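Participant: Quick one: sequence and predicted model below, then my questions.
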Amino acid sequence: MSGRAFGSGLARGGASYQTRNPTNTTVDYGANADARLSGRFRTTTSVGLQYYHKAEKTVSASGSVFPAAGVTTISAAAVRNSGENFFENNTVGLYVQEQVKWNDRLFLTGAMRVDNNSAFGANFNAAYYPKASAAWVVSEEPFWKVAGIHTLKLRAAYGESGQQPDVFAALRTFAPVTGGGSVAAVTPSTIGNANLKPERGKEIEVGLDAGLVHDRIGVEFTYYDKKTSDAIVARQLAPSGGFPGSQFVNVGELSSKGIELLVNAQLIDTKKVRVDLTFNLATNHNTVIRTGSSSGFLSIAGTSQRQADGFPVAAFFGQRVVSATLNPTTKLAENILCDGGTGPHNLSPGGAPVPCAAAPLVFLGRAFPTSFGSLSPTVTVLNRLQLYALVDFQRGFNRVDGNRTFECSSGTCEEAFYPERFDVTKVAEQQLRYFTDFGLSNASFAKLRELSLRYTLPDRLARMAGVSRAAISIAGRHLHTCTSFTGLDPEPIRLSQTFDVGGFSVTPPNASFVTRIDVTF
């Protein structure tokens, strides 16, 4: 490697290598046994065993400052570094299930699953997850004579599930260091938790499946209510304990409820024209019931988000400017006051104004959509010309406009140069060097994802071209976004498995047009 492009540190050459060896093993066995108890009753018994093994080993080596031209092995470098990482995780699961059927109209199911995972704490043995469900095809009963509803199935279910801890969350670990006299030694790294167990979810679902107007309209509806207990959170440790950082503990409790709706409709069905419509809608309202923290909240490192009792998951918090005056001479905001907060720990907005230096961080908005869905119509003419569109939407959440926040925190946004053009509270927020709700923006959106036109050639023309069937289609994708978000793109970019802190210089997908020809010989 030449040092000209990579700096003086590699002026005399450098090399690095890394090998990664992942291993995944899966064993899945299941068996079913059917039995007829009478002319109307049948049962199905199911048992199974599942085993998952995942391991990964990574070895790296690097060196710099080679003694002469042409000598490029790491062992010949004057400065050498190496590293090795290894993790392993095992899961063993057993399940048994019994389903009873009556006249193929009523279905009752009960099941139990047992899981053990190597990431569980040493004092926790196994997790037991029960399940029960019932379904009834009401429309097949002799008494069913409801006009317009051709088929109807009612269903209900209760189930429990779990989320295992991270691989090393329960283990007490030590980090290697070089001790006095260059002797190898270790130092405390993570304290671990022998009692750590999986997060546990308990969910109730009720719903129905219906076919309306001679099954030309299909409806699927579900209401769910889920409680998550023993949520795993990181609790800060006292320095006097000898271990730095935090400890993973089971203290959190969350709630999540909402609906799921799917409608498939055949609006027009004639010899010349057919119009189909698919619509789906889902809602989700999540709440942190308990964090286990004496302050009522847990900050999420590196973000303006918190897990706070009684508020949405990973909600945005910040100081909210409520009043200020603009000095006509200096063009600066003065007499700035912020929301003093209400409720426990002053986390709710709406309190008496106080000087911003003493103001609490109050709730500013949700990080996750409360509703999302899509609409997709399809129009077919003469079984040859087909027009298709897809529009999807997400509503009820906020994102941080990273570009705007960066500009205003550095004093280069428009509010800093032309403050008289803006509400004085926005000018005050720009002047403050701590996070307020300035960069937070309503991220609700609707997007025209796709618009396409497809034409199937008549069989006579296809045969003239030497094929049995031919079709040509033109599709445009990412064509339009309707939103009030101030940034470049409102669609969430999940920076981790749980949280979304917004985007910085995240550009939306480019609009594209695709032409495709399909032929069948």
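Facilitator: Happy to help now that I have it. Residues are numbered from 1 along each chain as shown.
Participant: So the spatially closest residue to residue 384 that is not a sequence neighbour versus residue 378, what's the distance?
Facilitator: Nearest-residue entry for residue 384: residue 456, 4.7 Å, with adjacent residues in sequence omitted and distances by C-beta to C-beta, 6 or more residues apart in numbering. Quick note: C-beta positions are derived from backbone N, CA and C, even for glycine. Taking C-beta to C-beta, to the nearest Å as the measure, residue 456 falls 14 Å from residue 378.
Participant: Residue 425 in helix, strand or coil?
Facilitator: At residue 425 the chain is in helix, as set by DSSP: H, G, I helix; E, B strand; the rest coil.
Participant: likewise the one 3 residues further on?
Facilitator: Three-state call for residue 428 (three-state DSSP): helix.
Participant: Tell me the backbone dihedrals of the residue nearest to residue 384, please.
Facilitator: Phi and psi for residue 456, reported as degrees, to the nearest 10, are phi -100, psi 120.
Participant: Help me confirm that it comes into contact with residue 469.
Facilitator: Yes. Counting by C-beta atoms under 8 Å, residue 469 is a contact partner of residue 456 at 7.4 Å.
Participant: quick one, which of those two is more surrounded?
Facilitator: Per other C-beta atoms under 10 Å, whichever of residue 456 and residue 469 has more neighbours is residue 456, with 18 against 13.
Participant: Identify the bridge partners of that one.
Facilitator: Following DSSP bridges, residue 456 is listed with bridge partners residue 471.
Participant: so how far is residue 465 from it?
Facilitator: Residue 456 sits 13 Å away from residue 465, going by C-beta to C-beta.
Participant: swap in residue 273?
Facilitator: Using C-beta to C-beta, we find residue 273 at a distance of 27 Å from residue 465.
Participant: Look up the pLDDT of residue 111 for me, please.
Facilitator: Looking at residue 111, its pLDDT is 97.
Participant: Compute the number of surrounding residues for the residue nearest to residue 48 when sequence neighbours are not counted.
Facilitator: Excluding the flanking residues, the one nearest residue 48 by C-beta to C-beta, 6+ apart is residue 30, at 3.9 Å. Counted with other C-beta under 10 Å, residues neighbouring residue 30 total 11.
Participant: does residue 30 really touch residue 47, like I thought?
Facilitator: Yes. Using C-beta under 8 Å, residue 30 is in contact with residue 47, at 7.3 Å.
Participant: Verify the assumption that residue 406 is located in a helix.
Facilitator: Yes. Under three-state DSSP, residue 406 sits within a helix.
Participant: Is residue 192 within a helix or a strand, and which one?
Facilitator: For residue 192, there is no enclosing helix or strand under DSSP states H and E.
Participant: need the contact list for the spatially closest residue to it that is not a sequence neighbour.
Facilitator: Nearest non-adjacent residue to residue 192, counting by C-beta to C-beta, 6+ apart: residue 172, 3.6 Å away. Applying C-beta atoms under 8 Å, 6 or more residues apart in numbering to residue 172 gives the contacts 190-192, 243.
Participant: one more time with 10 Å, if that's ok
Facilitator: If you count contacts by C-beta atoms under 10 Å, 6 or more residues apart in numbering, residue 172 has them with 122, 188-194, 243, 247.
Participant: With residue 168 instead?
Facilitator: 87, 89, 119, 189-190, 192, 248.
Participant: any idea which element it lies in?
Facilitator: Under the criterion of DSSP H and E, residue 168 resides outside all helices and strands.
Participant: Out of the contacts of residue 168, give me the two with the largest separation.
Facilitator: Greatest spacing in the contacts of residue 168, by C-beta to C-beta: 89 and 189 (19.1 Å).
Participant: Need the residues that contact stretch 13-24.
Facilitator: Residues outside stretch 13-24 that contact it (C-beta under 10 Å, 6+ apart) are 1-3, 6, 52-74, 76-77, 79, 81-86, 88.
Participant: 8 Å - rerun?
Facilitator: Outside stretch 13-24, the residues within contact range by C-beta under 8 Å, 6+ apart are 1-3, 6, 52-66, 72-74, 77.
Participant: ok, now which ones touch the residue nearest to residue 48?
Facilitator: Counting by C-beta under 8 Å, 6+ apart, residue 30 touches 46-49.
Participant: Next: residue 445.
Facilitator: Going by C-beta under 8 Å, 6+ apart, residue 445 touches 393-394, 481-483, 485, 490-491.
Participant: Apply 6 Å and report the result again.
Facilitator: Contacts for residue 445 (C-beta atoms under 6 Å, 6 or more residues apart in numbering) come out as 481, 483, 490.
Participant: from those, which is closest to residue 287?
Facilitator: residue 490 (23.6 Å).
Participant: Tell me the confidence at that closest one?
Facilitator: Predicted confidence (pLDDT) for residue 490: 88.
Participant: That one: neighbour count?
Facilitator: Per other C-beta under 10 Å, the neighbour tally for residue 490 reads 26.
Participant: Give the burial count for residue 404, as a bare number.
Facilitator: Other residues lying near residue 404 total 20 when counted by other C-beta under 10 Å.
Participant: Narrow the contacts of stretch 13-24 to those that are buried.
Facilitator: 54, 61-64, 66, 74, 77 (16 or more other C-beta atoms under 10 Å).
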